[in-house]
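Visitor: Any chance you can model this:
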Amino acid sequence: MPKQRSYRVWSENDLWLAVAAYKNGDYGLNESSRVYGVPKATIKRYVDNTDPDNIKTLGRPAIFCNDMERILSEHILHLEECFFGLTIREVRKLAFDVAEKYDLPHNFNRDTKMAGKKWFYAFMKRNSHLSLRKPEGTSMARARGFNRENVNHFFDLLEQIIEKYKFRADSIFNVDESGFTTVQKSLPKVLARKGKQQVGSVTSGERGVNTTMVCAVNAAGLYIPPMIIFKRKRLHPDLEIGAPPASIVTISDTGYINSDLFLDWLKHFQMQINCSEAKKVLLLLDGHTTHSKNFQACEFELGVMELFCFNCLATLPTVYSHWM
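Guide: Numbering: from 1, shown residues only. Take a look at the predicted model:
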């Protein structure tokens, strides 16, 4: 049986103590090696060349230099910021293409035209600001609307209307719909900056049978019983089994909300909150067509609540400006 060898069982602190003892003449080379447990050849090499950039490290040398790896990591982060994050296989393929383009010596697999998994994990270790994250599906409209100008304009308008009517936390509500499909395809993990709260990825859309829930909550933490919309032609009483108390269970041909159902939800909302012309509330909602182009909903809301409509954090639609 061949002898099992151990590499670098000494610490970095022991190494520099051994190098300092040998350079200062406190110990000879053999004694420094015995006292601190560092190989003689290692001590001699560090004494002869103490430049950290030129010190030999264990394992194979990196394919890319520090500047090229920095550019590669910045390119990965830039694509993720544009909602087109790279998967592990795509990063390995990119590394192979870069090495081939610049004629760099490498041991990547030329059959699969990808860098190896060991290179990827070593690359991640050297670039600790990267992490593997699971993105959330983000529509193209939301990706286009999320920019600094629109976000600042949104908060400017929100601040104006809150100061105008002196809304408190218990009078500010946010409503949104969430669709749940029976055929949910998970997205692959992509590389992003470590610590980032949300990672997005552009998706083509949802497939399968869809069920929608309309939920609302105010800034003080009060939840409104939701509206649950099933994709059916006829409403069956069994659909209400297990639903939250006081919630609305209804149906639509597509499983999505429509203008009539949104009007029903507004009536449900007013009944739960008891808002009136003397006790107005602020309702935040997105720019879905059932919200922004629903004239019946505008007539119902007149006098009992103020609407602040935003489309992917974009500007306030003019359809509501006449009622505000």
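Visitor: so where is this structure shaky, pLDDT-wise?
Guide: Applying pLDDT under 70 to the chain picks out residues 1-8, 49-60, 138-146, 182-186, 202-208, 287, 289, 292-296, 298-324.
Visitor: Torsion angles phi and psi at the most centrally placed residue in it?
Guide: When CA atoms, centre = their mean is applied to the chain, the residue found nearest the centroid is residue 199 (1.6 Å). Dihedral pair for residue 199: phi -120, psi 130, per degrees, to the nearest 10.
Visitor: wait, doesn't it sit right on residue 84?
Guide: No - using CB atoms under 8 Å as the test, residue 199 is too far from residue 84 to be in contact (11.4 Å). (Each C-beta comes from the backbone N, C-alpha and C, glycine too.)
Visitor: For residue 246, which non-adjacent residue is spatially closest?
Guide: residue 225 (4.0 Å; CB to CB, 6 or more residues apart in numbering).
Visitor: ok, residue 290 - how many residues close by?
Guide: Residues within reach of residue 290, counting by other CB atoms under 10 Å, total 18.
Visitor: Please report the distance of it from residue 212.
Guide: To residue 212, residue 290 is 11 Å away according to CB to CB, to the nearest Å.
Visitor: Find residues that contact each of these two.
Guide: Common contacts of residue 290 and residue 212, defined by CB atoms under 8 Å, 6 or more residues apart in numbering, comprise residue 257.
Visitor: picking that back up, I would like the residues contacting the host helix or strand of the residue nearest to residue 246, please.
Guide: In the assignment (DSSP states H and E), residue 225 maps to strand 223-231. By CB under 8 Å, 6+ apart, the list of residues contacting strand 223-231 from outside reads 173, 175, 209-217, 239, 243-257, 261, 264-265, 268-269, 272-273.
Visitor: following that strand, which helix or strand comes up?
Guide: strand 248-252.
Visitor: Can you check what angle separates that following strand from strand 223-231?
Guide: 30 degrees (axes from the mean of the first three to the mean of the last three CA atoms, to 10 degrees).
Visitor: send the alpha carbons of strand 248-252 over as PDB?
Guide: Extracted C-alpha coordinates of strand 248-252, given in PDB (Å, rounded to 0.1, in the frame of the first residue of the first chain):
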ATOM      1  CA  ILE A 248     -65.200  34.700  -1.000                       C
ATOM      2  CA  VAL A 249     -65.000  31.600  -3.100                       C
ATOM      3  CA  THR A 250     -66.000  32.100  -6.800                       C
ATOM      4  CA  ILE A 251     -65.200  31.000 -10.300                       C
ATOM      5  CA  SER A 252     -64.100  32.300 -13.700                       C
END
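Visitor: which other helices and strands contact it?
Guide: Packed against strand 248-252 by the contact rule (3 or more CB pairs under 8 Å, 6 or more residues apart in numbering; DSSP states H and E) you find strand 223-231, helix 259-273.
Visitor: Pipe these into JSON lines and attach mean neighbour count per row.
Guide: Putting those into JSON lines (neighbours: other CB atoms under 10 Å) gives the following:
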{"stretch": "strand 223-231", "mean neighbour count": "19"}
{"stretch": "helix 259-273", "mean neighbour count": "17"}
